[in-house]
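Asks: Pasted the sequence and its predicted model underneath.
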Amino acid sequence: MTTDDHIVFIVDDDLRIREALSELLEAHGLRAVAYGSAGEYVRAEKPDIPATLILDVELPDINGLELQRQIAEGDHPAIVFITGHGDIPSSVRAIKHGAVDFLTKPFSDDDLMSAVQAGLAQDRQLRLERTEIAALRARYKLLTPREREVLPLVVSGLLNKQAAAELGISEVTLEMHRRNVMQKMAAVSLADLVRMAEKLQIPVAHSRRVGEE
């Protein structure tokens with residue numbers, strides 16, 4: 001891991017905590033940027049790379065849990081909460097809304113580093129998934145209206161003749177559309193196309209009945 005392929009944000013109003021955390025992260029080869037308030041963090045320019053956010057619960061402008069709620073709709077780093085006054089309801093709320101961990105001060109260096117590394121791994125995975133979805137959506141846009149009708153029928157498990165009858169077209173025409181769908185979606189197999197349809201959340205209204213010919 002290099003300092004160019006990740007970043008760890010720190011939001012804590014205590015300068016000593018910010019400095020200590022920055023030194024700890026840098027000692028482990030991690031790039032860190034610290035802010036004294038939620039507002040500073042929100043306004044700051046951020047690189048588009050995998051990240052983890054170490055977020056204090058009690059901040060001078062807004063509560064850390066409130067910041068978590070506000071940024072939930074967008075793409076944001078995995079969050080590791082730290083607090084000097086931990087309580088079960090707050091920790092449950094934080095974890096329920098996607099936080100990696102909820103650490104009460106004083107916490108061990110190992111616990112924090114484990115949480116940060118887990119957050120970076122989680123953010124990398126989410127970024128990969130977003131990239132894949134974007135690519136699938138771009139391929140899906142290449143399909144004609146008829147091919148978009150064929151796709152859900154094909155992945156539902158219907159035979160070609162059943163799908164053709166559903167659309168009121170010949171089986172030969174259906175097979176042509178099916179080939180086009182496979183090519184445009186870059187699917188190497190039917191199973192691959194099914195996986196793509198699931199990721200794109202394409203509704204499947206039909207299913208092949210066992211023994212049906």
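Replies: Noted; the coordinates are in hand.

Asks: top helix in this structure by residue count?
Replies: helix 109-140 (DSSP state H).

Asks: neighbouring contacts of the helix or strand following that one?
Replies: Where DSSP states H and E defines the elements, the next helix or strand beyond helix 109-140 is helix 145-155. Identification of contacts with helix 145-155 by Cβ atoms under 8 Å, 6 or more residues apart in numbering yields 140, 143, 162-163, 166-167, 174, 177-178, 180-181, 184-185, 190, 193-194, 197, 202-206. Glycine gets a C-beta too; all of them are placed from N, C-alpha and C.

Asks: just to revisit the earlier point, what angle sits between the longest helix of the chain and helix 145-155?
Replies: 120 degrees (axes from the mean of the first three to the mean of the last three Cα atoms, to 10 degrees).

Asks: For helix 109-140, which helices and strands make contact with it?
Replies: Packing partners of helix 109-140 (3 or more Cβ pairs under 8 Å, 6 or more residues apart in numbering; DSSP states H and E): helix 15-27, strand 51-56, strand 78-83, strand 101-104, helix 190-199.

Asks: buried stuff in that helix?
Replies: By neighbour count with 16 or more other Cβ atoms under 10 Å, helix 109-140 contains the buried residues 112, 115, 116, 117, 119, 120, 122, 123, 124, 136, 139, 140.

Asks: tell me the angle that helix makes with helix 15-27.
Replies: Counting by the same axes, to 10 degrees, helix 109-140 lies at 70 degrees to helix 15-27.

Asks: Where does the prediction get shaky in the protein?
Replies: 1-4, 205-213 (pLDDT under 70).

Asks: Apply 80 and report the result again.
Replies: Applying pLDDT under 80 to the chain picks out residues 1-4, 85-88, 204-213.

Asks: Can you give me the domain assignment for it?
Replies: 7-131, 142-212 (automatic domain parsing).

Asks: tell me the most buried of those domains?
Replies: domain 7-131 (a mean of 17; mean count of other Cβ atoms under 10 Å).

Asks: for residue 26, what are its contacts?
Replies: With Cβ under 8 Å, 6+ apart, residue 26 has these contacts: residue 32.
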